[in-house]
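Asks: here's a sequence, model it:
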Amino acid sequence: MTSEQLAAEFAEHRQVLIGAAYRVVGSVSDAEDVVQEAWLRWSAIDHQTIEGIRDPRAYLIRITTRLALNKLREQKARRESYVGPWLPEPLAVDDDDPAAAVELADSVSMAMLVVLETLSPLERATFVLREVFELPYDEIADTLGRSESAVRQLAHRAREHVHARQPRHRVDKARHDELTMRFMQAAGSGDFDEVVALLAPDAVLISDGGGKKRAALRPIQGAEKIARWLFAVLADNPGFEIRMATLNDERAYVAYFDDQPDTVTFMTSTDGRITQLYLIRNPDKLGHLT
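Replies: Next up, the predicted model:
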C-alpha cells in the first residue's frame, strides 16, 4: 500500500475516529491530538507484514480508543485541579460529509457525555467500543489488555450505569426545541416567573467556567435558585446575542459577546419541563466554535 493509499484510507475514517476519541476524552482538542497520534501509528505500520487488518475501520477505532484511554488518564491531574464542575467541550459536526457526520454525532449528546464522565476509564472505553461501534468482545479485550470475561463485566456495568441515568421516556425533539426556545425567550425578556414555570421543581444547572468565567462552583438545584442565578449572570453581561446552533447533534444556544462565543447552553427536558441545564463558559472550550 502506497503512502497516498494509507493517507486516503485514514482520511476516510478520520471523522469516525474523532468521534471515538471524543466520546472517551470529552475534549475536541484532545480528540484531535489522539487522532493525529493514531495517524502516526497507522502510517508507521508495515502493512506488508502485519496480518489481521482485514477491517481497517475497526483496526483504527481500536488504536484510537486505546490512545484516547491513555489521554484520559493524562487528563486526571488537570481534572483534579479544575475550578468547579468540568463539562465536555461542545462538538460541532462537519456538514460537508453527511454520512460521517451522522456516525460522528450519534450518542454524543451533552447529557450522555456527562453520564459517561461518571464511568471508570475502562468502563467508558468498553462502552464506546461495544455500544457505539459494536466491536466483538474478543477484539475489545485485545484492545484494552483484559480478558474477554473481564470485558463482558465492564460492558455490563457500564450499560447498567448508563441506562439507569437516562430518561425513562423518549422526549419528542420538536416539543423539546419549542420548550427550550420559550425558556430562552423568557430569560431574554427578563420574565422571572415564566422561567421558573418552565423549569422542573427539581431541575439542576451545571456550569463550567474553568475559573475564567463566572460559574457556580457546585450544581444548582431548584427552579427558583436556578432562575436567580441566571438573571444575575445576565445582569452582569448585558448585550449578549443569542444564536441557535446544532452542537453534539442537538439544539444548543450560543451566547455571543462582541461576536465571540461566551456561553453554550444545552438543556434536557421531561414531561414538558426543563430538567437539566449545562452551561459551558470556559473560553478554552469555546475557541473552536468561532
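Asks: just the helices in this protein please.
Replies: 3-25, 28-44, 56-80, 98-105, 110-116, 121-127, 137-144, 148-164, 173-189, 192-198, 223-236 (DSSP state H).
Asks: can you put those in a markdown table and add mean neighbour count and distance to Gly209?
Replies: Using the backbone N, CA and C atoms, a C-beta is placed for each residue, glycine as well. Compiled in a markdown table, these are given as follows (neighbours: other CB atoms under 10 Å; distance: least, CB to CB, whole Å):
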| stretch | mean neighbour count | distance to Gly209 |
| --- | --- | --- |
| helix 3-25 | 19 | 20 |
| helix 28-44 | 18 | 18 |
| helix 56-80 | 18 | 15 |
| helix 98-105 | 16 | 26 |
| helix 110-116 | 21 | 16 |
| helix 121-127 | 23 | 25 |
| helix 137-144 | 19 | 34 |
| helix 148-164 | 16 | 27 |
| helix 173-189 | 15 | 18 |
| helix 192-198 | 17 | 21 |
| helix 223-236 | 16 | 10 |
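Asks: ok, which of those comes nearest Ala92?
Replies: helix 28-44 (8.2 Å; CB to CB).
Asks: how far out from the middle of the chain is that closest one?
Replies: Here the centre of helix 28-44 is set off from its chain's centre by 18 Å, with CA atoms, centre = their mean, to the nearest Å.
Asks: packing partners of that helix?
Replies: The contact analysis (3 or more CB pairs under 8 Å, 6 or more residues apart in numbering; DSSP states H and E) places helix 28-44 against helix 3-25, helix 56-80.
Asks: can I get the helices of the chain in TSV with distance to Lys213?
Replies: Output for the helices of the chain, formatted as TSV (distance: least, CB to CB, whole Å):
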stretch	distance to Lys213
helix 3-25	22
helix 28-44	18
helix 56-80	17
helix 98-105	27
helix 110-116	18
helix 121-127	27
helix 137-144	37
helix 148-164	30
helix 173-189	18
helix 192-198	21
helix 223-236	9
